[in-house]
Structure formats: structure tokens, C-alpha cells
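**Student:** Sequence and predicted structure are below.
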Amino acid sequence: RFEAYVAYIQSVLQHCCVQSLRDVQARIADIIDQEATEEERNTVVIKFGFHEELDCAKEKFASLDNILDEAGMKVISNYPNLRNVKAVFLHQLGFLIAIQKSE
């Protein structure tokens, strides 16, 4: 069985340009933030500087909590009767809103 795997790999290597594969691997390694990828589970983190639009989106996402906090404070200042409403944004899920039950 092991011999079959070795034969398969040898066959693949005969049909591939190994240097091209090494170049692709090096380019991928230059793009991926290895440390941040290891910290995030099931997520590949791309380094800043690879793509300007992606960098902009990352910065906006990083400031999303502050933006939502500010918006919440404005809503509460305009509608004080909503002080018992709790809203939390969970990325990948959306908003979780809780209202205290009246007694």
C-alpha cells in the first residue's frame, strides 16, 4: 500500500513543475499572516498591504464595535424608554436583542 502512495506522488511530480509549486507556496506564505491565522480558529488571515480594499474592510470591521456603541448611545439619548433594551452584535450571527421582561 505504501508503494502505491509513493508511485502516485512520483507520478504527480513527473507532471508538475516543482519550481512553480515552490513559487506558489512562497507567494502564499508572503500573503498569509501566520501568527494571526494560528490565533484565529478556522480562519486564514491575510496580511495588511496585500489588497487595499481588503485592508479598508478590515479596518472598518475592527471599528464596528465602537460604531455600534455610538449608535446605541444616540438611540438611547433620543428614546430614553429603550434603556432596558440590550443589543449585541455577534459577527457571523448578527444582532442579539434582549428586552427586560416587565413585572
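**Tutor:** Arrived safely, thanks for sending.
**Student:** Apart from its neighbours in sequence, what residue is nearest the spatially most central residue of the chain?
**Tutor:** By Cα atoms, centre = their mean, the chain has its centre lying nearest to residue 43, at 5.7 Å. Excluding its sequence neighbours, the residue lying closest to residue 43 (Cβ to Cβ, 6 or more residues apart in numbering) is residue 37, at 6.9 Å. For every residue, glycine as well, the C-beta is placed using N, CA and C.
**Student:** State the helix or strand in which the one you found lies.
**Tutor:** For residue 37, the host element (DSSP states H and E) is helix 34-39.
**Student:** quick one: low-confidence ranges for this structure?
**Tutor:** By pLDDT under 70, the low-scoring segments of the chain are 101-103.
**Student:** can you give me the strands in the protein?
**Tutor:** 85-90, 94-99 (DSSP state E).
**Student:** right, and those strands - which one's nearest residue 53?
**Tutor:** Proximity to residue 53, assessed across the strands of the chain by Cβ to Cβ, is greatest for strand 85-90 (22.4 Å).
**Student:** Strand partners (parallel or antiparallel) of that closest one?
**Tutor:** With DSSP bridges as the test, strand 85-90 is paired with strand 94-99 (antiparallel).
**Student:** what number of residues lie near residue 57?
**Tutor:** Neighbour count for residue 57, taken as other Cβ atoms under 10 Å: 11.
**Student:** can you check residue 75 too?
**Tutor:** For residue 75, the neighbour count with other Cβ under 10 Å is 13.
**Student:** which residues touch stretch 11-30?
**Tutor:** The contact list for stretch 11-30 (Cβ atoms under 8 Å, 6 or more residues apart in numbering) reads residue 47.
**Student:** With only the CA atoms kept, save that stretch in CSV.
**Tutor:** Output in CSV follows, covering the C-alpha atoms of stretch 11-30 (Å, rounded to 0.1, in the frame of the first residue of the first chain):
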residue,chain,number,x,y,z
SER,A,11,3.7,10.4,-11.0
VAL,A,12,2.4,13.7,-9.8
LEU,A,13,5.9,15.1,-9.5
GLN,A,14,6.7,14.0,-13.1
HIS,A,15,3.8,16.0,-14.4
CYS,A,16,4.3,19.1,-12.2
CYS,A,17,6.8,21.9,-12.3
VAL,A,18,8.2,21.7,-8.8
GLN,A,19,9.8,25.2,-9.0
SER,A,20,6.4,26.6,-9.9
LEU,A,21,4.8,24.9,-6.9
ARG,A,22,7.6,26.3,-4.7
ASP,A,23,7.0,29.8,-6.1
VAL,A,24,3.2,29.5,-5.4
GLN,A,25,3.9,28.3,-1.9
ALA,A,26,6.3,31.2,-1.3
ARG,A,27,3.7,33.7,-2.6
ILE,A,28,1.0,32.2,-0.4
ALA,A,29,3.4,32.4,2.6
ASP,A,30,4.1,36.1,1.9
